[in-house]
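Chemist: Have a look at this prediction, sequence included:
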Amino acid sequence: MFTVFTVTMLIVRPIVGWGLDRFGRRRFYAAALIFYVVSMVVFSNATGIVDFYVARFLQGLGASFMWITARTIMADVTQSADRGEAMGRLTQRSVQGSMFGAFAGFTLIGMMPFADAWQMSFLGYAGAAVVGAVLTFRIPETKTPVVEVPKLELSTDLKRLFVVFLLMGFAQALIAPIYLIFIEDQFDLPMRIVAFAFFPSGIVWAILPRRGGRLADRFGRTPLIIGGLVAGSVVAIGLPWFPHILWVAVAYTLYAVAGALASPARDALLGDVTEEATRGRAVGFAEASGSLGSALGPLAGGALYEYVQPEVAFVADGVILLIAAGLVLLWFRGR
């Protein structure tokens, strides 16, 4: 099910990027929310594994349309001087919504039988997406449709950014699926205790990206990206050797801080090196590069955890983040 979602985004995002440059932005944002509505209705009524695959495919379409369009619009309506903060705010609002949604979903699970809570949770998600789809009509169109789409020239900066997106997506996905397994294997704790190890990182992503983006606007993109990648590398390499769940939770929270600092700066840099006429495709290919990394990361991390040693996956993650930091310093110094 995870693969269906990721592969869908990998394939669809470049196509959506072309559509954004040809037809404008707003209709694709509305389409994203409509796909979410249909996906959540399928989830709520799922009775077999095929239903889940269909729902995840539709959800992948929604995510493909949503995030390329949102970041492209944000790049359209901002200047370089405040683009980092805007990109950070976009990420931050999404995470804040996710936290409210998670709270509501788990509250339902605690109040009623699981099957009923499942259905109500997804129908509630569908209802929220309907409201979002209606609100998209208040979003101004930021790109005039054209008869002929200008050719996308892949500049050296763009190609290099695709590599950075690939490495960051791969590194993030390398340990994300195995972190929970690692904690369970290492400390033999109840799931409700393990869940608290994740909670602080969610708080970080809910409050920090906007501030990280603001720092990127003030001090430049490269220092924030490199600082975040290097800090994440140090934490990832040390994470498997902490003797207590509390220290692991602190370390993973610092890992989230590093990501929340680097991500808005990276997105702002992408907006800086793209032109309005071809921005949709450029963002689409960059996001597809990240999706490719996200698709490969869990396979590699799981294989290292299962067949080599758990610690090797975390060390590999740190090394990849260091390589990405070195490339950013080499390629984008002074930005």
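Modeler: All right, it came through fine. Numbers count the residues shown, from 1 in each chain.
Chemist: Could you double-check that G228 sits in contact with P264?
Modeler: No. G228 is beyond contact range of P264, at 9.5 Å (criterion: C-beta atoms under 8 Å). (C-beta placed from N, C-alpha, C; glycine too.)
Chemist: in the stretch 51-200 of the chain, which ranges drop under the pLDDT threshold?
Modeler: Counting by pLDDT under 70, the stretch 51-200 of the chain shows low-confidence ranges at 191-192, 194-195.
Chemist: Can you give me the domain boundaries for this structure?
Modeler: Domain assignment for the chain by automatic domain parsing gives 2-137, 156-332.
Chemist: Spit out the contact partners of R160.
Modeler: By C-beta atoms under 8 Å, 6 or more residues apart in numbering, the contact set of R160 is L327, W331, F332.
Chemist: can I assume the first one is in contact with L161?
Modeler: By that I understand L327. No. With contact defined as C-beta under 8 Å, L327 does not reach L161; the gap is 10.1 Å.
Chemist: So for the two, which residue has more residues nearby?
Modeler: Between L327 and L161, L161 has the larger neighbour count (other C-beta atoms under 10 Å), namely 24 against 16.
Chemist: in what helix or strand does the more buried one lie?
Modeler: Take DSSP states H and E as the rule and L161 turns out to sit in helix 156-187.
Chemist: Who are the packing partners of the helix or strand following that helix?
Modeler: As assigned by DSSP H and E, the chain's next helix or strand after helix 156-187 is helix 191-207. Here helix 191-207 touches helix 80-111, helix 156-187, helix 245-272, going by 3 or more C-beta pairs under 8 Å, 6 or more residues apart in numbering; DSSP states H and E.
Chemist: Could you tell me which residues within the first one count as buried?
Modeler: It stands for helix 80-111. Neighbour counts over helix 80-111 (16 or more other C-beta atoms under 10 Å) mark 83-92, 95, 105, 108 as buried.
Chemist: and if you look at the last one?
Modeler: Neighbour counts using 16+ other C-beta under 10 Å place 245, 248-272 of helix 245-272 among the buried residues.
Chemist: ditto for stretch 178-191
Modeler: Residues I178, Y179, F182, I183 are the ones in stretch 178-191 that count as buried (16+ other C-beta under 10 Å).
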